[in-house]
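1. no FASTA, just this:
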Ligand SMILES: Cc1cc2nc3c(=O)[nH]c(=O)nc-3n(C[C@H](O)[C@H](O)[C@H](O)COP(=O)(O)O)c2cc1C
């Protein structure tokens, strides 16, 4: 590391951009999420819909990767992926996941715990049809999470698919589609001075949401 730079241990910043108070937070955490999401979109957050998705495999070992939030509907958070991928295989054994949004420029984090279920084929079809043609072909070209001999092999496969579907509609691969994560807990975190951050934790109890403030 460059000597003029701060050491890792010295890297820290004061959080003073906002506050998250009981008086102003929405009663429904999905409404609060929409508010913060709109602020992330309007602000200087790069890829505001990027979220970390955690899964657990059959040995109980956790894994995490980034996916893109594509919809918030029917009380849940929707992302799209390959059902045969590592995450897809994990979800067969354990459908419980966490989603984490980190919006550093707003000094905010949102943590979601919930149950992931496949969206309907019709819903996946509709979203798939809205994707650019290259992305649609890419879904066929990639056996996500499987090893491949080389980059060239992937590019050859894409070229074959381009030739096969020339002037034809590209159907959705049956192994590609969405999951909707229905939350049972959502935590909103807002950085505050002196590490006394605001944390409001919503937990679903029956048909209602219970809210508690957590220590930072
Ligand atoms: C910003 C960003 C967005 C991503 N969005 C998606 C996505 O929406 N769906 C997806 O399957 N993979 C997405 N990926 C790739 C995943 O992080 C991951 O590499 C891939 O899904 C394979 O994960 P798995 O082997 O654990 O199943 C994204 C990666 C990044 C960095």
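-> Perfect, I can see it now. Everything quoted here is computed from the prediction, not taken from an experiment.

2. Contacts for the strand or helix carrying residue 34, please.
-> Using DSSP states H and E, residue 34 sits within helix 29-42. Outside helix 29-42, the residues that touch it by CB atoms under 8 Å, 6 or more residues apart in numbering are 25-26, 48-49, 72, 75, 101, 103, 106, 108, 110, 183, 186, 188, 202, 209. Any C-beta I mention is one placed from the backbone N, CA and C, and that applies to glycine too.

3. can I assume residue 212 is in contact with residue 201?
-> Yes - counting by CB atoms under 8 Å, residue 212 does reach residue 201; the two are 5.2 Å apart.

4. related to what we said a few turns ago, just how off-centre is the helix holding residue 34 within its chain?
-> Relative to its parent chain, helix 29-42 has a centroid offset of 14 Å by CA atoms, centre = their mean, to the nearest Å.

5. how long is stretch 4-20 end to end?
-> 36 Å (CA to CA, to the nearest Å).

6. no no, stretch 56-69
-> Stretch 56-69 end-to-end distance (CA to CA) = 20 Å.

7. Flag every residue of the chain that's near the ligand.
-> Taking CB under 6 Å from any ligand atom as the criterion, the chain approaches the ligand at residues 47, 50, 63, 65-68, 79-81, 85-87, 144-145.

8. which of those residues are buried?
-> Buried residues within the residues of the chain next to the ligand, counting neighbours by 16 or more other CB atoms under 10 Å: 67, 79, 80, 81, 85, 86, 87, 144.

9. which one of the residues you listed sits closest to residue 152?
-> residue 144 (18.5 Å; CB to CB).

10. Could you look up the SS state of that closest one?
-> Here residue 144 is recorded as coil under DSSP: H, G, I helix; E, B strand; the rest coil.

11. Any regions of the chain where pLDDT drops low?
-> 1-3 (pLDDT under 70).

12. Any buried residues in whatever helix or strand residue 109 lives in, and which?
-> Applying DSSP H and E as the criterion places residue 109 in strand 108-118. For strand 108-118, burial by neighbour count (16+ other CB under 10 Å) applies to 108, 109, 110, 111, 112, 113, 114, 116.

13. what sits against the first one?
-> Pointing back at residue 108 there. With CB under 8 Å, 6+ apart, residue 108 has these contacts: 18, 36, 40, 101, 102, 188, 189, 190, 191.

14. Save the residues you listed as CSV, and put in neighbour count and secondary structure too.
-> Shown next, in CSV, are the contacts of residue 108 (neighbours: other CB atoms under 10 Å; DSSP: H, G, I helix; E, B strand; the rest coil):
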residue, neighbour count, secondary structure
18, 15, coil
36, 21, helix
40, 20, helix
101, 23, strand
102, 15, strand
188, 23, strand
189, 22, strand
190, 21, strand
191, 22, coil
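
15. so what's the most centrally placed residue in the chain up against?
-> In the chain, the centroid-proximal residue (CA atoms, centre = their mean) is residue 51; its distance is 3.1 Å. Neighbouring residues of residue 51 by CB under 8 Å, 6+ apart: 66, 67, 68, 69, 77, 79, 99, 100, 101.

16. what's the helix or strand for it?
-> strand 50-56.

17. May I have the strands that pair with that strand, each with its orientation?
-> strand 62-68 (antiparallel), strand 96-103 (antiparallel) (DSSP bridges).
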